[in-house]
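Engineer: Please find the sequence and the predicted model below.
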Amino acid sequence: MLKVKNIIKYYGSNMAVDNLSFEVQNGEIFGLLGANGAGKTTTFRIIMGLLDANHGSVTLDGKKIDYKLVEKIGFVTEERSLLTKLTVNDQLIYYGILKGMSEDEIVKKMDYWLDRFKISEYKNRKIKELSKGNQQKIQFIAAIINDPKLLILDEPFTGLDPINVKMFKEAILELKDNGCSIIFSSHQMEHIEEFCEKLVILVKGKVVLEGYLNDIKKEYQKQNIFIQGDVDVSKLEKIAGVLEVVQNSGEYVVRIVNKDVVKNVFSIVSKFENITKFVVEEASLNEIFISKVGESYEK
Ligand code: ATP
């Protein structure tokens, strides 16, 4: 488990991170969100021990992160850090050895991941001869070749086509299932919504919203229920807290005063025949971000 506790970081007099705390359990994907300059990169660098915080602590499985433990952290960023004149094979062996693996182990893992990413044929090609997307796959494999305890993904899908995004997502979920703690930062909210159970939103280094995505969404629940099927409108209109029921493109929209009314509407609707849809409208993460921060997060 990663534990970040009361981190404060100043650059000169500029406070880049203001008393940030969060925990990422094993097998959990955590979203670190914030507009440009919010303090995400600074936080990542502190976690990896590349930068000292002015205050606070970072521990992985209860231990302070030193040079030995850093080997167990995988990091994927937009910026590529591959030695492009090396072949894929030599590059991955190089990274594996840096992380203390034996050559046999590296080859086993490398072959597995090259196959998973459908790029085995490039094993003996130079990195510079590969497309950008395939270079990104190599960078990802380099980050995970030693089964890290913690994986930091900073905009990992930038520049990938949808098929490759899907492949990356499946690989990330496999790592999660194997107990890896994952921190994920992206400017694309749909990726965060799909992936992260828990998140923090930073504005100028300060936490403005944190918690489990499900709980956050409940808080921001909109006051509409969409129903399809044989609905007895008069019965719904009699429920306390129902403002109105309107018909709209083949479905009924029930406007309610607050989310507490949902269960009452549901208990009545469940008695109707042929109900094919009962959906309580959810605010998107981007709408929540705007309501909290006052501007859109998506670029
Ligand atoms: P982005 O989404 O643009 O990558 P970020 O959330 O990663 O932004 P940081 O790069 O951590 O944000 O920056 C946080 C704050 O710290 C900003 O005000 C930035 O200008 C400042 N900052 C970052 N690095 C340095 C540095 N090396 N020296 C001085 N100030 C810095």
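Structural biologist: Done, it's in. Residues are numbered from 1 along each chain as shown.

Engineer: Could you chop the chain up by domain?
Structural biologist: For the chain, automatic domain parsing gives the domain ranges 2-216, 223-282.

Engineer: Identify whichever of these lies nearest to Phe289.
Structural biologist: domain 2-216 (6.4 Å; C-beta to C-beta). Quick note: C-beta positions are derived from backbone N, CA and C, even for glycine.

Engineer: is the ligand contacted by that closest one?
Structural biologist: Yes - against the ligand, domain 2-216 shows contacts by C-beta under 6 Å from any ligand atom at Tyr11, Asn14, Ala16, Gly34, Asn36, Gly37, Ala38, Gly39, Lys40, Thr41, Thr42.

Engineer: repeat for stretch 275-291
Structural biologist: No - on the criterion C-beta under 6 Å from any ligand atom, stretch 275-291 is out of touch with the ligand, staying 13.7 Å away.

Engineer: what does that stretch rub up against?
Structural biologist: Stretch 275-291 is touched from outside by 33, 189, 192-193, 201, 209, 213, 216-217, 220-231, 251, 259, 262, 266, 269, 296-298, with contacts defined as C-beta atoms under 8 Å, 6 or more residues apart in numbering.

Engineer: do stretch 51-68 as well
Structural biologist: Contacts for stretch 51-68 (C-beta under 8 Å, 6+ apart): 1-10, 17, 19-21, 42, 45-49, 69, 72-73, 149-150.

Engineer: of those, buried ones?
Structural biologist: 2, 4, 7-9, 17, 20, 42, 45-48, 69, 72-73, 149-150 (16 or more other C-beta atoms under 10 Å).

Engineer: distance of Ser267 from the ligand?
Structural biologist: 46 Å (C-beta to the nearest ligand atom, to the nearest Å).

Engineer: Among the residues of domain 2-216 next to the ligand, which are located in strands?
Structural biologist: Per DSSP state E, strands hold the following members of the residues of domain 2-216 next to the ligand: Tyr11, Asn14, Ala16, Gly34.

Engineer: check contacts around Leu130.
Structural biologist: Contact analysis of Leu130 by C-beta under 8 Å, 6+ apart lists Val88, Ile119, Tyr122, Ile138.

Engineer: Tell me the spacing between the third one and the ligand.
Structural biologist: Tyr122 is 30 Å from the ligand, where distance means C-beta to the nearest ligand atom.

Engineer: Neighbours of that residue, how many?
Structural biologist: 21 (other C-beta atoms under 10 Å).

Engineer: And it, how far from Lys137?
Structural biologist: Counting by C-beta to C-beta, to the nearest Å, the gap from Tyr122 to Lys137 is 9 Å.

Engineer: what's the answer for Leu83, then?
Structural biologist: Using C-beta to C-beta, Leu83 is found at 16 Å from Lys137.

Engineer: now Phe30
Structural biologist: Counting by C-beta to C-beta - Phe30 and Lys137 are separated by 23 Å.

Engineer: just the strands in the stretch 51-200 of the chain please.
Structural biologist: 55-60, 63-64, 73-76, 150-154, 181-185, 198-203 (DSSP state E, counting those that start in this stretch).

Engineer: Tabulate those in a markdown table, adding columns for mean pLDDT.
Structural biologist: Below are the strands of the stretch 51-200 of the chain laid out as a markdown table (pLDDT from 0 to 100):
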| stretch | mean pLDDT |
| --- | --- |
| strand 55-60 | 95 |
| strand 63-64 | 90 |
| strand 73-76 | 91 |
| strand 150-154 | 94 |
| strand 181-185 | 94 |
| strand 198-203 | 91 |
